[in-house]
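A.B. asks: Below is the structure, and that's it, no one-letter string:
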(Lines give C-alpha, C1' and ligand atoms only; values in the text may rest on other atoms or scores of the structure.)
Protein backbone atom coordinates (compact mmCIF):
# COMPACT_ATOMS: atom_id res chain seq x y z
CA UNK A 1 0.00 0.00 0.00
CA UNK A 2 1.65 3.22 -1.13
CA UNK A 3 0.50 5.87 1.31
CA UNK A 4 3.14 8.45 0.47
CA UNK A 5 2.36 8.72 -3.22
CA UNK A 6 0.33 11.70 -4.38
CA UNK A 7 -3.13 10.68 -5.43
CA UNK A 8 -6.31 9.38 -3.83
CA UNK A 9 -5.80 8.06 -0.32
CA UNK A 10 -6.08 4.35 0.39
CA UNK A 11 -9.51 4.69 1.98
CA UNK A 12 -10.99 6.86 -0.74
CA UNK A 13 -13.70 5.70 -3.04
CA UNK A 14 -11.53 6.38 -6.09
CA UNK A 15 -9.16 3.67 -4.86
CA UNK A 16 -12.18 1.37 -4.52
CA UNK A 17 -13.02 1.87 -8.15
CA UNK A 18 -14.96 5.13 -8.49
CA UNK A 19 -14.85 6.21 -12.12
CA UNK A 20 -13.42 9.61 -13.11
CA UNK A 21 -16.88 10.90 -14.01
CA UNK A 22 -18.69 9.38 -11.06
CA UNK A 23 -19.93 11.42 -8.10
CA UNK A 24 -19.56 10.36 -4.50
CA UNK A 25 -22.57 9.24 -2.46
CA UNK A 26 -24.78 12.20 -1.63
CA UNK A 27 -26.90 12.40 1.51
CA UNK A 28 -29.17 15.36 2.10
CA UNK A 29 -31.22 16.13 5.20
CA UNK A 30 -33.79 18.91 5.43
CA UNK A 31 -35.14 20.76 8.47
CA UNK A 32 -32.12 20.00 10.61
CA UNK A 33 -32.35 23.14 12.80
CA UNK A 34 -35.42 24.23 14.77
CA UNK A 35 -34.95 27.98 14.95
CA UNK A 36 -33.87 28.67 11.41
CA UNK A 37 -36.44 29.42 8.70
CA UNK A 38 -34.86 26.72 6.59
CA UNK A 39 -31.91 24.41 7.00
CA UNK A 40 -30.25 21.55 5.21
CA UNK A 41 -27.23 19.32 5.67
CA UNK A 42 -25.54 18.19 2.50
CA UNK A 43 -22.97 15.39 2.60
CA UNK A 44 -20.83 14.24 -0.29
CA UNK A 45 -19.19 11.21 1.30
CA UNK A 46 -16.37 12.95 3.18
CA UNK A 47 -17.46 16.59 2.90
CA UNK A 48 -20.37 17.83 4.93
CA UNK A 49 -21.83 21.35 5.07
CA UNK A 50 -24.73 22.57 7.21
CA UNK A 51 -26.70 25.48 5.77
CA UNK A 52 -29.25 27.63 7.56
CA UNK A 53 -31.44 30.29 5.97
CA UNK A 54 -32.97 33.18 7.89
CA UNK A 55 -35.31 35.25 5.82
CA UNK A 56 -36.73 37.07 4.08
CA UNK A 57 -36.76 39.19 7.21
CA UNK A 58 -36.34 42.85 8.00
CA UNK A 59 -32.92 44.10 7.00
CA UNK A 60 -30.75 46.40 9.09
CA UNK A 61 -31.15 50.01 8.01
CA UNK A 62 -27.51 50.28 6.91
CA UNK A 63 -27.82 47.24 4.71
CA UNK A 64 -31.30 47.47 3.30
CA UNK A 65 -32.02 48.17 -0.32
CA UNK A 66 -35.26 49.92 -1.17
CA UNK A 67 -35.86 47.96 -4.32
CA UNK A 68 -34.72 44.43 -3.65
CA UNK A 69 -33.78 41.86 -1.05
CA UNK A 70 -30.19 41.75 0.21
CA UNK A 71 -28.53 38.35 0.35
CA UNK A 72 -25.97 37.93 3.13
CA UNK A 73 -23.77 34.89 3.26
CA UNK A 74 -21.67 33.74 6.19
CA UNK A 75 -19.25 30.91 5.48
CA UNK A 76 -17.54 29.38 8.47
CA UNK A 77 -14.63 26.99 7.96
CA UNK A 78 -14.35 23.72 9.83
CA UNK A 79 -11.55 25.04 12.03
CA UNK A 80 -10.04 28.43 12.65
CA UNK A 81 -11.21 31.95 12.00
CA UNK A 82 -12.54 33.31 8.76
CA UNK A 83 -9.74 34.38 6.48
CA UNK A 84 -9.48 35.80 2.98
CA UNK A 85 -10.47 32.48 1.37
CA UNK A 86 -13.68 32.29 3.39
CA UNK A 87 -14.69 35.88 2.68
CA UNK A 88 -13.93 35.38 -0.99
CA UNK A 89 -16.14 32.27 -1.02
CA UNK A 90 -18.90 34.25 0.69
CA UNK A 91 -18.77 36.73 -2.16
CA UNK A 92 -18.92 33.96 -4.77
CA UNK A 93 -21.81 32.16 -3.08
CA UNK A 94 -23.68 35.42 -2.70
CA UNK A 95 -23.28 36.12 -6.41
CA UNK A 96 -24.66 32.71 -7.35
CA UNK A 97 -27.62 32.94 -4.98
CA UNK A 98 -28.46 36.44 -6.20
CA UNK A 99 -28.77 34.87 -9.63
CA UNK A 100 -31.46 32.41 -8.62
CA UNK A 101 -33.52 34.37 -6.09
CA UNK A 102 -35.95 36.95 -7.53
CA UNK A 103 -34.69 39.79 -5.34
CA UNK A 104 -37.28 42.31 -6.48
CA UNK A 105 -40.04 40.26 -4.85
CA UNK A 106 -38.99 41.18 -1.31
CA UNK A 107 -37.64 44.73 -1.17
CA UNK A 108 -36.07 46.02 2.06
CA UNK A 109 -35.59 42.53 3.42
CA UNK A 110 -32.53 40.43 3.98
CA UNK A 111 -32.03 36.76 3.30
CA UNK A 112 -29.18 35.44 5.40
CA UNK A 113 -27.53 32.14 4.51
CA UNK A 114 -25.15 30.71 7.09
CA UNK A 115 -22.90 27.87 6.00
CA UNK A 116 -20.86 25.82 8.44
CA UNK A 117 -18.34 23.32 7.12
CA UNK A 118 -18.61 20.26 9.32
CA UNK A 119 -16.23 18.00 7.41
CA UNK A 120 -13.83 18.90 4.66
CA UNK A 121 -12.80 16.19 2.22
CA UNK A 122 -12.67 18.03 -1.09
CA UNK A 123 -15.28 19.83 -3.24
CA UNK A 124 -16.38 21.87 -0.23
CA UNK A 125 -17.49 24.89 -2.25
CA UNK A 126 -19.80 22.72 -4.36
CA UNK A 127 -21.11 21.03 -1.24
CA UNK A 128 -21.77 24.42 0.35
CA UNK A 129 -23.64 25.72 -2.69
CA UNK A 130 -25.78 22.59 -2.89
CA UNK A 131 -26.54 22.84 0.82
CA UNK A 132 -27.45 26.53 0.46
CA UNK A 133 -29.94 25.78 -2.32
CA UNK A 134 -31.50 22.91 -0.35
CA UNK A 135 -31.84 25.21 2.67
CA UNK A 136 -33.45 27.94 0.55
CA UNK A 137 -36.01 25.42 -0.70
CA UNK A 138 -36.61 24.30 2.88
CA UNK A 139 -37.17 27.91 3.93
CA UNK A 140 -39.69 28.43 1.18
CA UNK A 141 -37.79 31.33 -0.37
CA UNK A 142 -39.08 31.79 -3.93
CA UNK A 143 -36.50 30.83 -6.54
CA UNK A 144 -36.29 31.49 -10.27
CA UNK A 145 -34.66 28.13 -10.74
CA UNK A 146 -32.70 25.76 -8.59
CA UNK A 147 -29.01 25.34 -9.05
CA UNK A 148 -26.51 22.55 -8.65
CA UNK A 149 -22.77 22.69 -8.30
CA UNK A 150 -20.01 20.21 -9.07
CA UNK A 151 -16.22 20.36 -8.88
CA UNK A 152 -13.55 18.61 -10.83
CA UNK A 153 -9.76 18.60 -10.90
CA UNK A 154 -7.11 18.24 -13.58
CA UNK A 155 -4.50 15.71 -12.48
CA UNK A 156 -0.83 15.92 -13.36
CA UNK A 157 -1.37 13.28 -16.05
CA UNK A 158 -3.96 15.51 -17.71
CA UNK A 159 -7.05 13.58 -16.66
CA UNK A 160 -10.21 15.25 -15.36
CA UNK A 161 -11.71 13.76 -12.20
CA UNK A 162 -15.20 14.70 -11.07
CA UNK A 163 -15.98 15.34 -7.38
CA UNK A 164 -12.43 15.09 -6.03
CA UNK A 165 -11.57 14.39 -2.42
CA UNK A 166 -8.96 16.44 -0.56
CA UNK A 167 -6.00 14.21 -1.53
CA UNK A 168 -6.85 14.57 -5.20
CA UNK A 169 -7.29 18.32 -4.82
CA UNK A 170 -3.86 18.70 -3.22
CA UNK A 171 -2.19 16.69 -5.95
CA UNK A 172 -4.05 18.41 -8.78
CA UNK A 173 -2.66 20.85 -11.33
CA UNK A 174 -5.93 22.75 -11.55
CA UNK A 175 -9.24 22.85 -9.72
CA UNK A 176 -12.59 23.76 -11.25
CA UNK A 177 -15.94 24.42 -9.60
CA UNK A 178 -18.95 25.13 -11.80
CA UNK A 179 -22.53 25.94 -10.84
CA UNK A 180 -25.41 25.48 -13.25
CA UNK A 181 -29.09 26.40 -12.94
CA UNK A 182 -31.50 23.57 -13.50
CA UNK A 183 -35.23 23.10 -13.83
CA UNK A 184 -37.51 20.15 -14.38
CA UNK A 185 -39.13 19.51 -17.73
CA UNK A 186 -42.54 18.00 -17.09
CA UNK A 187 -43.20 17.55 -20.80
CA UNK A 188 -40.61 14.80 -21.01
CA UNK A 189 -41.96 12.57 -18.26
CA UNK A 190 -44.39 12.68 -15.34
CA UNK A 191 -41.64 13.03 -12.73
CA UNK A 192 -39.87 15.70 -14.70
CA UNK A 193 -36.47 15.27 -16.25
CA UNK A 194 -33.72 17.48 -14.87
CA UNK A 195 -32.63 19.93 -17.54
CA UNK A 196 -29.32 21.54 -16.74
CA UNK A 197 -28.54 24.72 -18.63
CA UNK A 198 -25.37 24.61 -20.71
CA UNK A 199 -24.34 28.03 -19.46
CA UNK A 200 -22.75 28.40 -16.03
CA UNK A 201 -24.05 30.55 -13.19
CA UNK A 202 -20.75 30.49 -11.40
CA UNK A 203 -17.23 29.43 -12.17
CA UNK A 204 -14.15 29.30 -10.00
CA UNK A 205 -11.09 27.71 -11.59
CA UNK A 206 -7.47 28.08 -10.59
CA UNK A 207 -4.20 26.32 -11.24
CA UNK A 208 -2.38 25.73 -14.52
CA UNK A 209 -4.63 24.76 -17.36
CA UNK A 210 -5.54 25.51 -20.97
CA UNK A 211 -8.76 26.70 -22.56
CA UNK A 212 -9.43 23.14 -23.75
CA UNK A 213 -9.28 21.86 -20.18
CA UNK A 214 -11.65 24.62 -19.06
CA UNK A 215 -14.26 23.68 -21.66
CA UNK A 216 -13.96 19.97 -20.92
CA UNK A 217 -14.29 20.66 -17.21
CA UNK A 218 -17.42 22.75 -17.98
CA UNK A 219 -18.98 19.78 -19.75
CA UNK A 220 -17.94 17.29 -17.09
CA UNK A 221 -19.35 19.46 -14.31
CA UNK A 222 -22.59 19.93 -16.27
CA UNK A 223 -22.87 16.13 -16.34
CA UNK A 224 -22.22 16.00 -12.60
CA UNK A 225 -24.83 18.70 -11.99
CA UNK A 226 -27.38 16.64 -13.90
CA UNK A 227 -26.97 13.88 -11.34
CA UNK A 228 -27.02 16.31 -8.44
CA UNK A 229 -30.24 17.80 -9.83
CA UNK A 230 -31.84 14.38 -10.16
CA UNK A 231 -30.84 13.60 -6.59
CA UNK A 232 -32.19 16.92 -5.31
CA UNK A 233 -35.51 16.23 -6.99
CA UNK A 234 -35.68 12.76 -5.49
CA UNK A 235 -34.84 13.91 -1.99
CA UNK A 236 -37.35 16.78 -2.12
CA UNK A 237 -40.18 14.65 -3.43
CA UNK A 238 -39.53 12.08 -0.74
CA UNK A 239 -39.37 14.52 2.15
CA UNK A 240 -42.23 16.76 1.15
CA UNK A 241 -45.70 15.30 1.72
CA UNK A 242 -47.44 14.30 -1.52
CA UNK B 1 -25.59 73.39 -18.16
CA UNK B 2 -29.23 72.42 -17.60
CA UNK B 3 -28.67 69.49 -19.97
CA UNK B 4 -25.78 68.20 -17.81
CA UNK B 5 -27.97 68.32 -14.72
CA UNK B 6 -30.72 66.49 -16.57
CA UNK B 7 -28.33 63.85 -17.85
CA UNK B 8 -26.93 63.28 -14.35
CA UNK B 9 -30.40 63.04 -12.88
CA UNK B 10 -31.44 60.56 -15.57
CA UNK B 11 -28.32 58.50 -14.85
CA UNK B 12 -29.12 58.39 -11.11
CA UNK B 13 -32.81 57.64 -11.47
CA UNK B 14 -32.75 55.22 -14.38
CA UNK B 15 -29.23 53.81 -14.59
CA UNK B 16 -30.17 50.88 -16.81
CA UNK B 17 -32.02 52.97 -19.39
CA UNK B 18 -29.16 55.49 -19.37
CA UNK B 19 -26.70 52.72 -20.10
CA UNK B 20 -28.89 51.05 -22.71
CA UNK B 21 -29.04 54.30 -24.68
CA UNK B 22 -25.26 54.09 -25.14
CA UNK B 23 -25.19 50.36 -25.77
CA UNK B 24 -27.70 50.69 -28.59
CA UNK B 25 -25.10 52.85 -30.38
CA UNK B 26 -22.39 50.30 -29.63
CA UNK B 27 -20.41 52.43 -27.21
CA UNK B 28 -20.20 52.99 -23.45
CA UNK B 29 -20.73 56.22 -21.46
CA UNK B 30 -17.01 57.04 -21.56
CA UNK B 31 -16.99 56.75 -25.34
CA UNK B 32 -15.16 53.41 -25.62
CA UNK B 33 -16.48 50.66 -27.89
CA UNK B 34 -17.46 47.51 -26.03
CA UNK B 35 -14.21 45.69 -26.69
CA UNK B 36 -11.71 48.42 -25.94
CA UNK B 37 -9.67 48.54 -22.76
CA UNK B 38 -8.59 51.69 -20.97
CA UNK B 39 -5.19 53.36 -21.24
CA UNK B 40 -2.52 51.94 -18.93
CA UNK B 41 0.29 53.86 -17.23
CA UNK B 42 3.00 51.97 -15.36
CA UNK B 43 5.44 53.88 -13.15
CA UNK B 44 8.11 51.47 -11.93
CA UNK B 45 10.26 52.60 -9.02
CA UNK B 46 7.79 55.26 -7.95
CA UNK B 47 8.60 55.00 -4.23
CA UNK B 48 12.29 55.35 -3.35
CA UNK B 49 12.10 54.11 0.23
CA UNK B 50 11.21 50.58 -0.83
CA UNK B 51 13.26 47.85 -2.46
CA UNK B 52 10.88 47.77 -5.39
CA UNK B 53 7.67 49.55 -6.24
CA UNK B 54 5.25 50.38 -8.99
CA UNK B 55 2.38 52.81 -9.41
CA UNK B 56 -0.07 51.55 -12.01
CA UNK B 57 -3.09 53.29 -13.49
CA UNK B 58 -5.66 51.58 -15.69
CA UNK B 59 -8.02 54.38 -16.68
CA UNK B 60 -8.74 55.98 -13.33
CA UNK B 61 -8.06 52.93 -11.19
CA UNK B 62 -4.78 53.54 -9.36
CA UNK B 63 -2.84 50.97 -7.37
CA UNK B 64 0.51 51.39 -5.64
CA UNK B 65 2.52 48.27 -4.82
CA UNK B 66 5.70 48.27 -2.76
CA UNK B 67 8.14 45.50 -1.90
CA UNK B 68 10.32 45.57 1.20
CA UNK B 69 12.84 42.81 1.79
CA UNK B 70 14.02 41.47 5.11
CA UNK B 71 16.20 38.55 6.09
CA UNK B 72 14.45 35.91 8.14
CA UNK B 73 15.06 32.41 9.35
CA UNK B 74 13.19 30.13 6.94
CA UNK B 75 10.33 27.94 8.09
CA UNK B 76 11.27 24.43 9.18
CA UNK B 77 8.80 23.00 6.72
CA UNK B 78 10.54 24.76 3.81
CA UNK B 79 14.18 25.37 4.77
CA UNK B 80 15.27 26.24 1.24
CA UNK B 81 12.59 28.76 0.39
CA UNK B 82 11.95 32.43 1.06
CA UNK B 83 8.56 33.93 1.81
CA UNK B 84 6.18 36.37 0.20
CA UNK B 85 3.76 38.20 2.49
CA UNK B 86 0.95 39.91 0.66
CA UNK B 87 -1.43 42.51 2.02
CA UNK B 88 -4.01 44.58 0.18
CA UNK B 89 -5.55 47.75 1.56
CA UNK B 90 -8.21 50.01 0.17
CA UNK B 91 -7.54 53.69 0.82
CA UNK B 92 -10.51 55.53 2.36
CA UNK B 93 -10.63 57.98 -0.53
CA UNK B 94 -10.58 55.24 -3.15
CA UNK B 95 -14.29 54.77 -3.50
CA UNK B 96 -17.59 56.19 -2.30
CA UNK B 97 -18.54 52.76 -0.90
CA UNK B 98 -15.72 52.75 1.62
CA UNK B 99 -16.80 52.13 5.22
CA UNK B 100 -14.35 52.29 8.14
CA UNK B 101 -13.91 49.12 10.14
CA UNK B 102 -13.89 45.64 8.70
CA UNK B 103 -12.47 45.44 5.19
CA UNK B 104 -15.04 44.58 2.55
CA UNK B 105 -15.15 41.08 1.03
CA UNK B 106 -13.91 42.64 -2.22
CA UNK B 107 -10.53 43.23 -0.58
CA UNK B 108 -10.40 39.62 0.62
CA UNK B 109 -11.35 38.45 -2.84
CA UNK B 110 -8.56 40.50 -4.44
CA UNK B 111 -6.02 39.29 -1.83
CA UNK B 112 -6.98 35.67 -2.35
CA UNK B 113 -6.78 35.87 -6.13
CA UNK B 114 -3.50 37.79 -6.04
CA UNK B 115 -1.85 35.22 -3.77
CA UNK B 116 -3.24 32.41 -5.89
CA UNK B 117 -1.81 34.01 -9.04
CA UNK B 118 1.60 34.87 -7.55
CA UNK B 119 2.19 31.88 -5.29
CA UNK B 120 -0.21 29.19 -6.45
CA UNK B 121 1.19 28.73 -9.91
CA UNK B 122 4.82 29.13 -8.80
CA UNK B 123 5.05 32.49 -10.49
CA UNK B 124 7.32 33.84 -7.76
CA UNK B 125 10.21 31.43 -7.26
CA UNK B 126 10.45 31.25 -3.49
CA UNK B 127 13.35 28.81 -3.65
CA UNK B 128 15.41 31.46 -5.44
CA UNK B 129 15.06 33.78 -2.44
CA UNK B 130 17.10 31.48 -0.21
CA UNK B 131 20.47 32.75 1.07
CA UNK B 132 21.66 29.82 3.19
CA UNK B 133 19.50 26.77 3.50
CA UNK B 134 17.93 26.47 6.91
CA UNK B 135 19.63 29.62 8.20
CA UNK B 136 18.60 32.68 6.20
CA UNK B 137 16.26 33.59 3.42
CA UNK B 138 14.66 36.71 2.04
CA UNK B 139 11.12 37.59 2.93
CA UNK B 140 9.41 39.94 0.52
CA UNK B 141 6.63 41.96 2.10
CA UNK B 142 4.41 43.05 -0.75
CA UNK B 143 1.98 45.80 0.21
CA UNK B 144 -0.68 46.84 -2.21
CA UNK B 145 -2.57 50.10 -1.72
CA UNK B 146 -5.60 50.75 -3.86
CA UNK B 147 -5.71 54.52 -4.21
CA UNK B 148 -8.64 54.77 -6.58
CA UNK B 149 -11.06 51.92 -7.18
CA UNK B 150 -12.71 52.63 -10.52
CA UNK B 151 -13.29 49.09 -11.75
CA UNK B 152 -10.94 46.16 -12.44
CA UNK B 153 -9.06 46.52 -9.16
CA UNK B 154 -7.70 42.97 -9.43
CA UNK B 155 -6.21 43.57 -12.88
CA UNK B 156 -4.48 46.76 -11.77
CA UNK B 157 -3.28 45.24 -8.50
CA UNK B 158 -1.83 42.18 -10.25
CA UNK B 159 -0.03 44.35 -12.79
CA UNK B 160 1.31 46.55 -9.99
CA UNK B 161 2.54 43.50 -8.04
CA UNK B 162 4.30 42.04 -11.07
CA UNK B 163 5.86 45.40 -11.91
CA UNK B 164 7.00 45.98 -8.31
CA UNK B 165 8.50 42.48 -8.05
CA UNK B 166 10.31 42.92 -11.36
CA UNK B 167 11.55 46.32 -10.21
CA UNK B 168 12.94 44.91 -6.95
CA UNK B 169 16.71 44.91 -6.53
CA UNK B 170 17.76 42.43 -3.90
CA UNK B 171 20.79 43.77 -1.99
CA UNK B 172 23.94 41.69 -1.55
CA UNK B 173 24.26 39.78 1.72
CA UNK B 174 27.19 39.87 4.12
CA UNK B 175 27.83 37.32 6.84
CA UNK B 176 28.98 38.67 10.21
CA UNK B 177 31.49 37.15 12.60
CA UNK B 178 28.69 35.69 14.73
CA UNK B 179 27.33 33.84 11.75
CA UNK B 180 24.36 36.14 11.13
CA UNK B 181 23.47 37.37 7.70
CA UNK B 182 22.91 41.06 7.12
CA UNK B 183 22.36 43.05 3.96
CA UNK B 184 25.69 44.45 2.72
CA UNK B 185 26.00 48.19 2.96
CA UNK B 186 24.51 48.35 6.45
CA UNK B 187 26.77 49.68 9.22
CA UNK B 188 30.48 49.98 8.53
CA UNK B 189 32.09 48.97 5.26
CA UNK B 190 32.92 45.39 6.20
CA UNK B 191 35.48 43.44 4.25
CA UNK B 192 34.44 42.15 0.81
CA UNK B 193 35.44 38.61 1.82
CA UNK B 194 32.39 38.34 4.04
CA UNK B 195 30.01 38.83 1.12
CA UNK B 196 27.97 35.70 0.55
CA UNK B 197 28.33 34.46 -2.99
CA UNK B 198 25.52 33.12 -5.09
CA UNK B 199 22.82 35.32 -3.59
CA UNK B 200 19.82 36.40 -5.61
CA UNK B 201 19.96 39.89 -7.09
CA UNK B 202 16.35 40.04 -8.22
CA UNK B 203 13.07 38.34 -7.48
CA UNK B 204 12.68 35.66 -10.14
CA UNK B 205 9.29 35.56 -11.74
CA UNK B 206 8.95 32.32 -13.64
CA UNK B 207 5.75 33.44 -15.24
CA UNK B 208 4.17 36.87 -15.34
CA UNK B 209 0.49 36.44 -14.43
CA UNK B 210 -1.73 39.22 -15.68
CA UNK B 211 -5.48 39.40 -15.78
CA UNK B 212 -8.44 40.98 -17.51
CA UNK B 213 -11.97 41.45 -16.20
CA UNK B 214 -14.98 41.56 -18.50
CA UNK B 215 -18.48 42.46 -17.35
CA UNK B 216 -21.46 40.54 -18.67
CA UNK B 217 -24.47 42.77 -19.18
CA UNK B 218 -27.43 41.24 -20.95
CA UNK B 219 -26.02 39.76 -24.11
CA UNK B 220 -23.03 42.13 -24.22
CA UNK B 221 -19.51 41.54 -23.00
CA UNK B 222 -17.93 44.78 -21.75
CA UNK B 223 -14.17 44.56 -21.61
CA UNK B 224 -12.37 46.39 -18.76
CA UNK B 225 -15.41 47.94 -17.06
CA UNK B 226 -15.36 51.04 -14.88
CA UNK B 227 -16.84 50.96 -11.37
CA UNK B 228 -20.22 52.28 -12.64
CA UNK B 229 -20.40 49.54 -15.26
CA UNK B 230 -19.37 46.87 -12.75
CA UNK B 231 -22.03 47.99 -10.30
CA UNK B 232 -24.70 48.00 -12.97
CA UNK B 233 -23.83 44.66 -14.52
CA UNK B 234 -23.08 42.89 -11.20
CA UNK B 235 -21.66 40.03 -13.19
CA UNK B 236 -18.11 39.69 -14.41
CA UNK B 237 -15.59 37.13 -15.62
CA UNK B 238 -11.93 37.56 -14.65
CA UNK B 239 -9.30 35.59 -16.55
CA UNK B 240 -5.73 35.34 -15.21
CA UNK B 241 -3.09 34.03 -17.57
CA UNK B 242 0.66 33.95 -18.06
CA UNK B 243 2.89 34.84 -20.98
CA UNK B 244 2.77 31.35 -22.50
CA UNK B 245 -0.98 31.55 -22.86
CA UNK B 246 -1.62 29.10 -20.02
CA UNK B 247 -4.62 29.98 -17.88
CA UNK B 248 -4.09 30.44 -14.16
CA UNK B 249 -7.56 31.37 -13.09
CA UNK B 250 -11.04 31.92 -14.44
CA UNK B 251 -13.42 33.48 -11.94
CA UNK B 252 -17.01 34.33 -12.63
CA UNK B 253 -18.59 36.55 -10.02
CA UNK B 254 -22.30 37.27 -9.89
CA UNK B 255 -25.13 35.18 -11.22
CA UNK B 256 -27.28 37.59 -13.11
CA UNK B 257 -26.07 36.51 -16.53
CA UNK B 258 -25.13 32.95 -17.42
CA UNK B 259 -21.80 32.33 -19.12
CA UNK B 260 -21.68 29.61 -21.74
CA UNK B 261 -18.58 28.15 -23.33
CA UNK B 262 -18.54 30.79 -26.09
CA UNK B 263 -18.52 33.68 -23.60
CA UNK B 264 -15.73 32.11 -21.56
CA UNK B 265 -13.63 31.62 -24.69
CA UNK B 266 -14.31 35.23 -25.74
CA UNK B 267 -13.12 36.51 -22.37
CA UNK B 268 -10.05 34.28 -22.53
CA UNK B 269 -9.10 35.56 -25.98
CA UNK B 270 -9.57 39.17 -24.86
CA UNK B 271 -7.33 38.44 -21.87
CA UNK B 272 -4.66 36.98 -24.15
CA UNK B 273 -4.55 40.13 -26.29
CA UNK B 274 -4.44 42.27 -23.19
CA UNK B 275 -1.53 40.25 -21.78
CA UNK B 276 0.54 40.91 -24.87
CA UNK B 277 -0.24 44.62 -24.72
CA UNK B 278 0.52 44.87 -21.00
CA UNK B 279 3.77 42.87 -21.22
CA UNK B 280 5.05 45.25 -23.87
CA UNK B 281 4.20 48.27 -21.74
CA UNK B 282 5.73 46.63 -18.66
CA UNK B 283 9.05 45.96 -20.44
CA UNK B 284 9.14 49.54 -21.68
CA UNK B 285 8.46 50.98 -18.27
CA UNK B 286 11.01 48.77 -16.47
CA UNK B 287 13.68 49.62 -19.01
CA UNK B 288 13.33 53.36 -18.66
CA UNK B 289 12.27 53.61 -15.00
CA UNK B 290 14.74 54.55 -12.23
CA UNK B 291 16.35 51.47 -10.60
CA UNK B 292 15.29 50.82 -7.00
CA UNK B 293 17.64 51.94 -4.19
CA UNK B 294 20.14 49.29 -3.15
CA UNK B 295 19.80 48.61 0.60
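C.D. replies: Received, thanks. In this text, all values refer to a predicted model and were calculated from it rather than measured experimentally.

A.B. asks: what's the closest non-adjacent residue to whatever residue of chain A ends up closest to chain B?
C.D. replies: Across chain A, no residue is closer to chain B than residue A:99, which sits at 2.0 Å (C-beta to the nearest C-beta). (Glycine included, C-beta is placed from N, CA and C.) Leaving aside its chain neighbours, residue A:99 sits nearest to residue B:255 (2.0 Å; criterion: C-beta to C-beta, 6 or more residues apart in numbering or on different chains).

A.B. asks: distance between stretch A:184-191 and the chain's centre?
C.D. replies: Distance of stretch A:184-191 from the chain centroid (C-alpha atoms, centre = their mean, to the nearest Å) equals 24 Å.

A.B. asks: so residue B:230 sits in a strand?
C.D. replies: No - looking at residue B:230 with DSSP: H, G, I helix; E, B strand; the rest coil, it is helix, so not inside a strand.

A.B. asks: How many residues are close by residue A:234?
C.D. replies: Counted with other C-beta atoms under 10 Å in any protein chain shown, the neighbours of residue A:234 add up to 14.

A.B. asks: Mind checking what secondary structure it has?
C.D. replies: Recorded secondary structure, residue A:234: helix (three-state DSSP).

A.B. asks: Need the three-state assignment for the residue nearest to residue A:99.
C.D. replies: coil.

A.B. asks: Please enumerate the helices of chain B.
C.D. replies: B:2-13, B:15-23, B:105-115, B:153-167, B:227-233, B:261-288 (DSSP state H).

A.B. asks: In JSON lines, list those helices along with mean pLDDT.
C.D. replies: Shown next, in JSON lines, are the helices of chain B (pLDDT from 0 to 100):
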{"stretch": "helix B:2-13", "mean pLDDT": "86"}
{"stretch": "helix B:15-23", "mean pLDDT": "92"}
{"stretch": "helix B:105-115", "mean pLDDT": "93"}
{"stretch": "helix B:153-167", "mean pLDDT": "95"}
{"stretch": "helix B:227-233", "mean pLDDT": "92"}
{"stretch": "helix B:261-288", "mean pLDDT": "93"}
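
A.B. asks: Can you tell me which of those is most buried?
C.D. replies: Mean neighbour count (mean count of other C-beta atoms under 10 Å in any protein chain shown) peaks for helix B:153-167 among those, with a mean of 27.

A.B. asks: Next one: it, is it in contact with chain A?
C.D. replies: No - counting by C-beta under 8 Å from any C-beta of the partner chain, chain A has no neighbours in helix B:153-167; the shortest distance is 11.2 Å.

A.B. asks: now for that helix, which elements pack on it?
C.D. replies: strand B:40-44, strand B:52-58, strand B:61-72, helix B:105-115, strand B:136-148, strand B:210-217, strand B:236-241, helix B:261-288 (3 or more C-beta pairs under 8 Å, 6 or more residues apart in numbering or on different chains; DSSP states H and E).

A.B. asks: Those: which one's closest to residue A:236?
C.D. replies: Comparing those by their distance to residue A:236 (C-beta to C-beta), the top pick is helix B:261-288, with 29.6 Å.

A.B. asks: what angle do that closest one and strand B:52-58 make?
C.D. replies: Per axes from the mean of the first three to the mean of the last three C-alpha atoms, to 10 degrees, the angle that helix B:261-288 makes with strand B:52-58 is 130 degrees.

A.B. asks: just the helices in chain A please.
C.D. replies: In chain A, the helices defined using DSSP H lie at A:84-100, A:124-139, A:166-171, A:211-239.

A.B. asks: With that, I have no additional questions.
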